[in-house]
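Asks: My questions concern the predicted model and sequence given below.
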Amino acid sequence: MIVEVLEDGAAAARAAALMAERIAGLRAPVLGLPTGRTMVPVYDRLVLAPIAWERVRTFNVDEFAGAALTAPGRFRAFMDEHLFSRVPIAPAAIGFPRGDAADLDAECRRYEAAVTGAGGLDLLVLGIGANGHVGFNEPGETLLAATHLATLSEATRRANAELFGGDWERVPSQAVTLGMGQLLKAREVLVVATGASKAEAVRAMVRGPLTTWCPASWLQTHGRATVVLDAAAAGLL
Ligand code: GLP
């Protein structure tokens with residue numbers, strides 16, 4: 001893993017610049033994209049970059065299950081607000097798990113096939129949960145390779161409470177997420193983490209043993225992974 005530690009405030013700009021550079025180098029880029037507070041300043045900068053969005057396809061890494069299409073906390077609403085409404089990307093080029101699907105297992109299979117059918121991800125951008133999750137692959141006894149319905153820990157639901165009016169019990173307890181197999185198959189991975197609350201997870205991701213208890217640790221096996229951090233997130237390295 002290549003680890004870059006940036007001065008305060010510069011990590012988001014660096015991540016956005018790396019994304020823009022990689023996108024420019026690809027004829028028909030397929031991106032894997034995350035949500036989260038970490039990404040807000042990254043997307044704010046990305047929308048200013050000279051990117052040929054009409055060439056870009058995107059797949060988000062996860063979405064809450066059971067959240068009504070009108071629920072403001074949905075990741076799709078986050079992405080529309082922070083990125084998709086601000087750039088000229090065609091709606092058909094935006095891949096997203098349908099968290100409101102009646103048959104969520106079928107939806108997981110559809111989404112897995114959609115990513116594979118697009119040729120897989122050229123550039124996967126990830127945030128990291130304070131508990132080491134990537135996408136919604138939560139720490140546990142096992143990890144799954146394919147897109148699946150994940151059960152969210154209380155800690156993760158609390159971390160997402162802001163999206164649901166500050167009430168963690170309103171955060172759905174399940175989510176559709178790309179699995180570790182699809183994430184690790186991405187041709188390049190960029191992880192962005194900022195703030196002291198991520199320092200322990202970053203240490204476990206970069207220096208810790210490979211363990212299902214830190215899903216992000218498996219990114220150590222990826223041949224082309226870059227981690228962009230601010231000083232606080234790098235504090236335990
Ligand atoms: C969320 C999302 C992840 C995201 C992570 C970090 O729960 N499922 O895709 O990367 O947690 O979020 P944040 O940047 O808000 O800390």
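Replies: Arrived safely. Numbering: from 1, shown residues only.
Asks: where do the helices sit along the protein?
Replies: 11-24, 39-46, 75-82, 104-117, 154-159, 180-185, 199-206 (DSSP state H).
Asks: can I get these in TSV with mean pLDDT, distance to the ligand and mean neighbour count?
Replies: Just so you know, the C-beta spots here come from the backbone N, C-alpha and C atoms, and that holds for glycine as well. Converted to TSV, the helices of the chain look like this (pLDDT from 0 to 100; distance: least, C-beta to the nearest ligand atom, whole Å; neighbours: other C-beta atoms under 10 Å):
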stretch	mean pLDDT	distance to the ligand	mean neighbour count
helix 11-24	98	11	19
helix 39-46	98	6	20
helix 75-82	97	7	19
helix 104-117	98	15	16
helix 154-159	94	6	17
helix 180-185	98	11	19
helix 199-206	98	9	22
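Asks: Adding distance to residue 143, write those helices out as TSV.
Replies: Formatted as TSV, these follow (distance: least, C-beta to C-beta, whole Å):
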stretch	distance to residue 143
helix 11-24	25
helix 39-46	23
helix 75-82	21
helix 104-117	15
helix 154-159	15
helix 180-185	5
helix 199-206	14
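Asks: Out of those, which is closest to residue 54?
Replies: Nearest to residue 54, of all these, is helix 11-24, at 11.8 Å by C-beta to C-beta.
Asks: which other helices and strands contact that closest one?
Replies: If you count contacts as 3 or more C-beta pairs under 8 Å, 6 or more residues apart in numbering; DSSP states H and E, helix 11-24 packs onto helix 39-46, strand 123-126, strand 188-193, strand 225-230.
Asks: Up against the ligand, what does this protein have?
Replies: Proximity of the chain to the ligand, by C-beta under 6 Å from any ligand atom, involves residues 34-38, 61-62, 126-127, 129, 135-136, 156, 159-160.
Asks: Off-centre distance for stretch 24-42?
Replies: 9 Å (C-alpha atoms, centre = their mean, to the nearest Å).
Asks: Dump it to CSV, restricted to CA.
Replies: Extracted in CSV, the C-alpha atoms of stretch 24-42 (Å, rounded to 0.1, in the frame of the first residue of the first chain):
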residue,chain,number,x,y,z
ALA,A,24,-8.3,11.3,-17.4
GLY,A,25,-6.0,8.3,-18.1
LEU,A,26,-8.9,5.9,-18.9
ARG,A,27,-11.0,5.8,-22.1
ALA,A,28,-14.2,4.6,-20.4
PRO,A,29,-13.6,4.8,-16.7
VAL,A,30,-15.7,2.6,-14.3
LEU,A,31,-15.6,4.1,-10.8
GLY,A,32,-16.6,2.5,-7.5
LEU,A,33,-17.8,5.3,-5.2
PRO,A,34,-18.4,5.7,-1.5
THR,A,35,-20.6,8.0,0.6
GLY,A,36,-19.7,9.5,4.0
ARG,A,37,-18.6,12.7,5.6
THR,A,38,-15.0,12.1,4.5
MET,A,39,-16.1,12.3,0.9
VAL,A,40,-18.0,15.6,1.0
PRO,A,41,-14.9,17.8,0.6
VAL,A,42,-13.5,15.4,-1.9
